[in-house]
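In: fold the following, please.
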Amino acid sequence: MKLHRHLGEAHLDTVLTEHDEATGKMRYLVGCPVCGLRYQHAVKPRYRDPRFLEEYKAEIALVAFDQLLYHLEDKHPIELRIVDSG
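Out: Okay, here's the model as predicted:
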């Protein structure tokens, strides 16, 4: 949880959100600092209110950081010195 807290406090600006006014669709984007891959995923609020992205920016970012951490663990364990203890 300390890592999530750190990411949310220090790197919130690295998660971008977008709202397509024509379709009402929303998504978040987060980039890998190692390989540059940009992961994106739809944000599915109950309502199509564009303020949703700002109101829930921190929560959306935590989900995005989870995806980034999964990617880092899977694709860049050597660069991050992640050792499988199993």
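
In: state the phi and psi torsions of the spatially most central residue of the chain.
Out: Centroid-nearest residue in the chain, with C-alpha atoms, centre = their mean: A64, separated by 1.7 Å. A64 has phi and psi values of phi -60, psi -40 when expressed as degrees, to the nearest 10.

In: would you confirm that it contacts A42?
Out: No: the pair A64 and A42 does not pass the contact test of C-beta atoms under 8 Å, sitting 11.9 Å apart. From N, CA and C alone the C-beta is placed, and that goes for glycine too.

In: give me the common contacts of the two.
Out: Between them, A64 and A42 share no contacting residue under C-beta atoms under 8 Å, 6 or more residues apart in numbering.

In: hang on, the earlier thing: separation between the residue nearest to the centre of the chain and A22?
Out: 23 Å (C-beta to C-beta, to the nearest Å).

In: quick one: low-confidence ranges for the chain?
Out: Low-confidence segments of the chain, defined by pLDDT under 70: 82-86.

In: just checking, E18 is part of a helix?
Out: No: under DSSP: H, G, I helix; E, B strand; the rest coil, E18 sits outside any helix and is assigned strand.

In: sounds good, over and out.
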